[in-house]
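Engineer: turn this into a structure:
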Amino acid sequence: MDIGYLFLIGSMLSLIASIVLDFEFVRGRRCWERIKYANATFFAFTALAFFTLLYYFLTRDFNVKYVFLYSDTHLPLVYTISAVWAGREGSLLLWLLYLGIFLLFSTKKRDKTTAVANAIMCVVAVFFNFLLLTSSNPFVRLNFNPPEGWGLNPLLRTPEMALHPPAIFLGYAGMTVPFAYAVAATYYEEEWIKRARNYLLVAWAFLGIGILLGAWWAYKTLGWGGYWGWDPVENSSLLPWLTASALLHGVLVEERKGGMKLVNYILAVVTFDLVILATFITRSGIINSVHAFARNQEAYAYLLLIVLSSVAAFAVAISKKDVFRGKSYGIRDRLIQASILIFSLATVTVLIGTLTPLLIRASVTRAFYRHIEIPLGTALVVLLGVCVLAIKRDFNQRVLKSLAAGAGAGIICFEITRLALASLGVGIFVFTLMGIVQGYSGRKIDLRRAGAIAAHLGLILLFIGVMGSWMYESDYTHVNLGVGQSVKVGDYILKLNGFNEVNGNGKFYVIAYVSVYKDGKLIGVMHPKLVIYNLMRNDRIVASVDIISMPLQDIYIAMGSVTESGIASFEFYVVPLVSFVWIGSLLIVAGGILAALPESRKKLDKSAVEVKGVEHAHRES
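Structural biologist: Numbers count the residues shown, from 1 in each chain. Sure thing, here's the model as predicted:
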């Protein structure tokens, strides 16, 4: 039996001990330190298992089946490390490790609610640990010693794919904490928002980072000129991010007025369920996707986890229905509710498009999503411009100012471009931007508010970027050129200057040199290439794109193939405003991180004094 497998057995026993101690604590036994010790032991065993697997990769131990499948002797160090989580087994182990980290930090408060929340998180961890001990064991050994490994998928040999899974799985693991606290606190008729808020923000931010990295990887690696193809596996990670975004807005109403308790509870449960659904879609292999793992019957166990968690949460909600009584007041709360409705509609429509190929084997095109999600996104951005103004008095007057600014900007844009939809987008952008400026002007900006401003600015930039890149992209496929030949594509002229061949580091490059001209001026020389890896895999040939990035557009070229006679086939794209997508996404993520940062030392010291005063008064009484 491999030592890594023994470590996984140790982590399972530690989890069981923690669950038993949690319920002993609920019954009145003083065993909190033992609970923390059990959690720490679980984390230690899981970390040992993870680093054991990492050691096998670093030493090229191809006798371990998982190492054989995802590594080879030519793999660079950074991708040898990232190969640990490139497959089903290793990524599940990483997820379990993240759960161990959250269990270390989520048990600071000693009460029954925390104990039950800890038990819920441990049950989820037991589920993953059980899969690692049975059908997803990463420590299975072959009955022979291969001299070479099968190799990591060449598409995954990029910095983005080295970082994308750790970010995504950190977000997935973090969504377990709000779910656990929502159920536990509701059972004991206590509030859970303050306990879970920062965990929710961190999980939301890292899930956003993972989605952004995945989109950038698709843009620069797959060679189709886009960054979001509405692939079911792509959508599956977006779904919990949308409901978590809705929950973050619902938290505002519950914190201020005590309203929307039931909605927030449902959103916390649904977000967790969508995380597990995303795992099922990715790991079941029932969808043919570049993002999915091979077909695996084990994945259906995730559906059982969704059912059990939903039934348990529903039972708690029914038994404690009086907890959800509360009201929200004012136009601002109503506008926040409207934004939650938009997030929910987006979730439902994306979910329908994602599950349709699974349920009725019908294809869903990108047009389906664009016809629905762009109007919903537009409504959300407009609502943002109105909602921020609801903070201030003289609401109507400020809305009129924003409308005037937006209308003026839209008219000017139309006079210049004669593009109706682009002008509408610019008008909406200016309207919302004016709303943010007016809404926050003259107000004290703390970290939480700064995070909100950054995220909302990011949203409107993302909106402009998506509209520009989706609606005004120019694409030219099957552009065939021989050496010395030129061709006109749109406003540009492409000339193939020649090829170069480079051999080294376990791969062979065929590099094309393409000059790009516009209006007789050289824009640049682009270098798309084909990379042939020295692997046993069938997918060892990868196209590498080249991009000339400018503030308002990208010029994008990919080489699909080269014939023996030297005729190359290219795909050429002009993608407007795509830089706004990346800047906006970064601002959204930065906003979440800012909002999760602790308050200033002065505020913490003040809180500490107040707590000490309460404790002193309690002792005197």
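Engineer: who's in contact with the residue nearest the centre of the chain?
Structural biologist: Nearest residue to the geometric centre of the chain (CA atoms, centre = their mean): residue 207, 2.9 Å. By CB atoms under 8 Å, 6 or more residues apart in numbering, the contact list for residue 207 reads 167, 168, 171, 172, 174, 175, 237, 240, 241, 244. For glycine as for every other residue, the C-beta is placed from the backbone atoms N, C-alpha and C.
Engineer: from these, which is closest to residue 598?
Structural biologist: Of all the contacts of residue 207, residue 174 has the smallest distance to residue 598: 17.0 Å, by CB to CB.
Engineer: hmm, back to that, adding pLDDT, write the contacts of residue 207 out as TSV.
Structural biologist: Formatted as TSV, the contacts of residue 207 follow (pLDDT from 0 to 100):
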residue	pLDDT
167	97
168	96
171	96
172	97
174	96
175	97
237	94
240	97
241	97
244	97
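Engineer: narrow these to those in helices?
Structural biologist: Those of these mapping onto helices are 167, 168, 171, 172, 174, 237, 240, 241, 244, per DSSP state H.
Engineer: just the buried residues out of those, in PyMOL syntax.
Structural biologist: The PyMOL selection below is limited to those of the ones in helices among the contacts of residue 207 classed as buried (16 or more other CB atoms under 10 Å):
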select buried, resi 167+168+171+172+174+237+240+241+244
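Engineer: which of the ones in helices among the contacts of residue 207 lies closest to residue 535?
Structural biologist: Nearest to residue 535 among the ones in helices among the contacts of residue 207, counting by CB to CB, is residue 168 at 25.6 Å.
Engineer: from residue 490, how far off is that closest one?
Structural biologist: Separation of residue 168 from residue 490 (CB to CB, to the nearest Å): 36 Å.
Engineer: returning to that earlier point: let's have the ones in helices among the contacts of residue 207 in CSV, adding distance to residue 514.
Structural biologist: Supplementary listing: the ones in helices among the contacts of residue 207 in CSV, determined by distance: CB to CB, whole Å:
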residue, distance to residue 514
167, 34
168, 35
171, 39
172, 41
174, 44
237, 34
240, 41
241, 37
244, 43
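Engineer: biggest separation within the ones in helices among the contacts of residue 207, which pair?
Structural biologist: Going by CB to CB, the pair spanning these furthest: 167 and 244, at 14.3 Å.
Engineer: compute the first-to-last residue distance for stretch 557-576.
Structural biologist: 14 Å (CA to CA, to the nearest Å).
Engineer: work out the gap between that stretch and the centre of the chain.
Structural biologist: 31 Å (CA atoms, centre = their mean, to the nearest Å).
Engineer: what of stretch 545-552?
Structural biologist: From the chain centre to the centre of stretch 545-552 is a distance of 24 Å (CA atoms, centre = their mean).
Engineer: quick check: buried residues in it?
Structural biologist: Neighbour counts over stretch 545-552 (16+ other CB under 10 Å) mark 545, 546, 547 as buried.
Engineer: can I get the residues you listed in CSV with secondary structure and pLDDT?
Structural biologist: Shown next, in CSV, are the buried residues of stretch 545-552 (DSSP: H, G, I helix; E, B strand; the rest coil; pLDDT from 0 to 100):
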residue, secondary structure, pLDDT
545, coil, 94
546, strand, 95
547, strand, 96
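Engineer: can you list contacts of stretch 373-383?
Structural biologist: 335, 338-339, 342-343, 345-346, 349-350, 428-429, 431-432, 459-460, 463, 466-467, 470.
Engineer: if you set the cut-off to 6 Å instead, what comes out?
Structural biologist: Contact with stretch 373-383 is made by 338, 339, 342, 345, 346, 428, 432, 460, 463, as judged by CB atoms under 6 Å, 6 or more residues apart in numbering.
Engineer: how close does residue 459 get to residue 433?
Structural biologist: Plainly put, residue 459 is 11 Å away from residue 433 if you go by CB to CB.
Engineer: what is in contact with the two at once?
Structural biologist: Taking CB under 6 Å, 6+ apart as the contact rule, residue 459 and residue 433 have no neighbour in common.
Engineer: can you map out the helices along the stretch 501-621 of the chain?
Structural biologist: Secondary structure of the stretch 501-621 of the chain by DSSP state H, counting those that start in this stretch: the helices cover 578-596, 601-620.
Engineer: and the strands in the chain?
Structural biologist: 474-481, 486-489, 492-504, 507-518, 521-526, 529-533, 541-544, 546-549, 553-562, 568-576 (DSSP state E).
Engineer: would you format these as a markdown table with distance to residue 363 included?
Structural biologist: Below are the strands of the chain laid out as a markdown table (distance: least, CB to CB, whole Å):
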| stretch | distance to residue 363 |
| --- | --- |
| strand 474-481 | 20 |
| strand 486-489 | 29 |
| strand 492-504 | 32 |
| strand 507-518 | 33 |
| strand 521-526 | 33 |
| strand 529-533 | 29 |
| strand 541-544 | 24 |
| strand 546-549 | 29 |
| strand 553-562 | 23 |
| strand 568-576 | 22 |
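Engineer: least reliable of those going by mean pLDDT?
Structural biologist: Mean pLDDT per stretch puts strand 541-544 lowest among those, at a mean of 88.
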